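> would you be able to build a 3D model of this:
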Amino acid sequence: MSKYIAAIDQGTTSTRCILFNHQGQIVSVGQKEHSQIYPNPGWVEHNPVEIWKNTLEVIALARIQASATSADIAAIGITNQRETTVVWNKRTGRPYYNALVWQDTRTSDLVTQFEKEGGLNRFREKTGLPLSTYFSGLKLKWLLENVTNLREDAEKGEALFGNMDTFLIWHLTGGVQGGIHVTDVSNASRTQLMNLRSLQWDADMLAAYDIPAQMLPEIRSSSEVYGHVTNEILPGVPVAGDLGDQHAALVGQTCFTPGMAKNTYGTGCFLVMNTGGELKTSENGLLSTIAYQFAGQPVQYALEGSVAVTGALVQWVRDNLGLIDKSSDIETLARTVQDNGGAYFVPAFSGLYAPYWRNDARGVIAGLTRYVNKGHIARAVLEATAYQTLDVVRAMEQDSGITLASLRVDGGMVQNQLLMQFQADILNTQVVAPTIAETTALGAAYAAGLAVGYWQNIDELKQNWSVAHTWNPQMEEPQRTNLHKGWQKAVTKSYDWV
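Numbering: from 1, shown residues only. Okay, here's the model as predicted:
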């Protein structure tokens, strides 16, 4: 039997390949960052060709580190930054334009136009999503309207659309020599073009956005063999798992029971709760989405709250303000003070996501006095992540009717002890981090491994999950209430800015 499963984690800032063993432990990692391209204010792009080259490089690195041959690898799973939109020519494999990243806000005018015609929630019933710059559908519409010859090629069936998972699977499985053009239900649910009930591209959505159906990939389950690698990097290895990053983290955290939830602390924060086979419509500004679907099994749904700016705020303090040299210094600086000194930081750099959905909001620092110093600002930066998570958890509890017993956490910011303790305090809920921190890549590995029989069932996966650290709430209720009131007030100050 093959020894490992490979997971390609194509993220917002870097691409990684991680080899996992049967216990879900990391055997080796290859990682490479890619350029962030900002042609105009609010525009964020990636070069898909650079990402594809990096993908090949990180697979090679992970393989070399583990001295693994392709025979040692049972399957590849892919997880990806969701909503990031790329269109390429199927004959040449060349992108027509850079990938439009999920953070990109160039479609704001389109959002406004559609909102005027039918309100923010006009497509929510079918897609689970409000109108927002966030999702792939409007990004694709923008590309079709602004890139020379693209619409013409799309209508002829020459241009292919996908999020980064689709782009990588197509290249891995042959590219111009018959690459497989597919996506999975979790990624398709983030385009605003798929009907959540039928699990198919929705004709009304395609008509509303004027998108030719022939551009779109085939929608498949998250765990099945889509094709096999054709290049020399891992020849013949099945590509067998595909999950958007937050869905992958849910699987990696083994949240297979309705009511279980995880929060991933990365560039943004993504809180996802499994709601089982039932599609729950949100009354509180959350997204209804697909959790995952394993081959031959019913689809599982989820509620999700997305926070746009969390880790990215720490990077901003590092790069734009120069208050710290490296991201991890934020905790040291924040520990120089006892509290936030009355200061709150609302990082609405490109609007507010769940549960507010305010495209007109912009970032504010509120409650400043002469007393406030850089330590208080650092603390306010960390607390902003915890407050935004609290807002989403409360909305989720109302929508699902389930009170969260504990929150499973993962992502880079989980190493920040001050933040995690404050998160437990402000939520008044236990916060738990697993032993294997790389839950996103692990989820993609699990999906691929289940598809090829490397793991037999989800009970095997649950046995791999173990606790590394637990944070219990220690804050008194009056202090918690006071702090949250200050946050809620600060949020309102960010409204109506543009």
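
> can you show me the strands along the stretch 101-250 of the chain?
159-163, 182-184, 218-220, 223-228, 238-244 (DSSP state E, counting those that start in this stretch).

> work out for me the element Ala468 sits within.
strand 467-471 (DSSP states H and E).

> out of the strands of the stretch 101-250 of the chain, the one nearest Leu206 is which?
strand 159-163 (11.2 Å; CB to CB). All C-beta spots, glycine's among them, are computed from the backbone N, C-alpha and C.

> what's the first helix or strand after the lengthiest helix in the chain?
Longest helix in the chain by number of residues (criterion: DSSP state H): helix 374-400. For helix 374-400, the following helix or strand on the C-terminal side (DSSP H and E) is strand 406-410.

> so for that next one, mean pLDDT?
Computed over strand 406-410, the mean pLDDT rounds to 91.

> helices and strands around that strand, which ones?
strand 261-265, helix 417-427, strand 430-434 (3 or more CB pairs under 8 Å, 6 or more residues apart in numbering; DSSP states H and E).

> outside of it itself, list whatever touches it.
249, 252-253, 255, 260-265, 393, 420, 423, 427, 429-434, 437-440 (CB atoms under 8 Å, 6 or more residues apart in numbering).

> weed out the non-buried ones from those residues.
In the contacts of strand 406-410, burial by neighbour count holds for 249, 252-253, 255, 260-265, 393, 420, 423, 427, 429, 431-434, 437-440, counting by 16 or more other CB atoms under 10 Å.

> pull out the buried positions in stretch 309-321.
309-314, 316-318.

> so for that stretch, mean pLDDT?
93.

> I'd like the helices and strands packed on strand 406-410 written out as CSV, with mean pLDDT added.
Below are the helices and strands packed on strand 406-410 laid out as CSV (pLDDT from 0 to 100):
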stretch, mean pLDDT
strand 261-265, 91
helix 417-427, 97
strand 430-434, 94
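
> residues in contact with Lys139?
83, 85, 100, 104, 107 are the contacts of Lys139 under CB under 8 Å, 6+ apart.

> what does Gly412 give?
Gly412 neighbours (CB under 8 Å, 6+ apart): 265-266, 311, 327.

> mind running it again at 7 Å?
265-266, 311 (CB atoms under 7 Å, 6 or more residues apart in numbering).

> any chance of those in TSV, plus distance to Ser288?
Below are these laid out as TSV (distance: CB to CB, whole Å):
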residue	distance to Ser288
Tyr265	23
Gly266	22
Gly311	26
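
> Ile76: which of those residues is nearest?
Nearest to Ile76 among the contacts of Gly412, with distances taken as CB to CB, is Gly266, at 22.0 Å.

> winner for burial among the strands of the stretch 101-250 of the chain?
strand 238-244 (a mean of 30; mean count of other CB atoms under 10 Å).

> distance from that strand to the middle of the chain?
16 Å (CA atoms, centre = their mean, to the nearest Å).

> so what strands line up beside it?
Sheet pairing for strand 238-244, assigned by DSSP bridges, gives strand 73-80 (parallel), strand 223-228 (antiparallel).

> narrow the buried residues of stretch 309-321 to those in helices?
Using DSSP H, the buried residues of stretch 309-321 in helices are 311-314, 316.

> now Gln315, nearest residue through space, not along the chain?
With CB to CB, 6 or more residues apart in numbering as the criterion, Gln315 has its nearest non-adjacent residue at 6.3 Å, and that residue is Ser327.

> which residues does the one you found contact?
Going by CB under 7 Å, 6+ apart, the list of residues near Ser327 reads 314-315, 318.

> Gln25 too?
With CB under 7 Å, 6+ apart, Gln25 has these contacts: Ile436.

> pLDDT score assigned to it?
93.

> one step back: measure the residue nearest to Gln315 to Phe349 for me?
Using CB to CB, to the nearest Å, we find Ser327 at a distance of 17 Å from Phe349.

> JSON lines for the strands paired with strand 238-244, including distance to Gly236?
Formatted as JSON lines, those follow (distance: least, CB to CB, whole Å):
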{"stretch": "strand 73-80", "distance to Gly236": "10"}
{"stretch": "strand 223-228", "distance to Gly236": "5"}
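
> for Ala380, which of the ones you listed is the nearest?
Closest among those, using CB to CB: strand 73-80, at 31.9 Å.

> past the closest one, which element shows up next along the chain?
strand 85-89.

> coming back round to it: turn the strands of the stretch 101-250 of the chain into a markdown table, including mean pLDDT and distance to Ala7.
Shown next, in a markdown table, are these (pLDDT from 0 to 100; distance: least, CB to CB, whole Å):
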| stretch | mean pLDDT | distance to Ala7 |
| --- | --- | --- |
| strand 159-163 | 97 | 17 |
| strand 182-184 | 98 | 14 |
| strand 218-220 | 98 | 18 |
| strand 223-228 | 97 | 13 |
| strand 238-244 | 97 | 8 |
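
> of all the ones you listed, which one is nearest Gln479?
strand 238-244 (37.2 Å).

> so that closest one versus strand 159-163, what angle?
70 degrees (axes from the mean of the first three to the mean of the last three CA atoms, to 10 degrees).

> and the contacts of strand 238-244?
With CB under 7 Å, 6+ apart, strand 238-244 has contacts from 75-80, 82, 165, 169, 172-173, 183-184, 186-187, 190, 222-229, 251, 292, 443-444, 447-448, 451-452.

> for stretch 471-491, same thing?
Contacts of stretch 471-491 (CB under 7 Å, 6+ apart): 344, 346, 364, 366-367, 387, 390, 420-421, 424-426, 428-431.

> kindly report the same for stretch 108-121.
Contacts of stretch 108-121 (CB under 7 Å, 6+ apart): 122, 130-133, 138, 141-142, 357, 359.

> give me the below-cutoff pLDDT ranges for this structure.
Along the chain, segments meeting pLDDT under 70 span 1.

> now the residue nearest to Gln315: which helix or strand?
Going by DSSP H and E, Ser327 is not in any helix or strand.

> distance of it from Ile365?
For Ser327, the distance to Ile365 - CB to CB - is 19 Å.

> swap in Thr173?
From Thr173 to Ile365 the distance is 48 Å (CB to CB).

> between those two, which has more neighbouring residues?
Set Thr173 next to Ile365 and count neighbours by other CB atoms under 10 Å: Thr173 wins out with 21 against 17.

> the more buried one reaches Val182, doesn't it?
No. Using CB atoms under 7 Å, Thr173 is not in contact with Val182; the gap is 8.8 Å.

> ok, now how distant is Phe349 from Pro217?
For Phe349, the distance to Pro217 - CB to CB - is 31 Å.

> of these two, who's got more company?
For Phe349 and Pro217, the more surrounded residue by other CB under 10 Å is Pro217, and the numbers stand at 23 against 17.

> spit out the contact partners of the more buried one.
So Pro217 contacts 162, 166, 181-183 (CB under 7 Å, 6+ apart).

> ok, of the residues you listed, which one's closest to Thr55?
Once CB to CB is applied, the member of those that ends up nearest Thr55 is Thr166, at 13.3 Å.

> quick one: the closest one and Ala188, what's the gap?
From Thr166 to Ala188 the distance is 9 Å (CB to CB).
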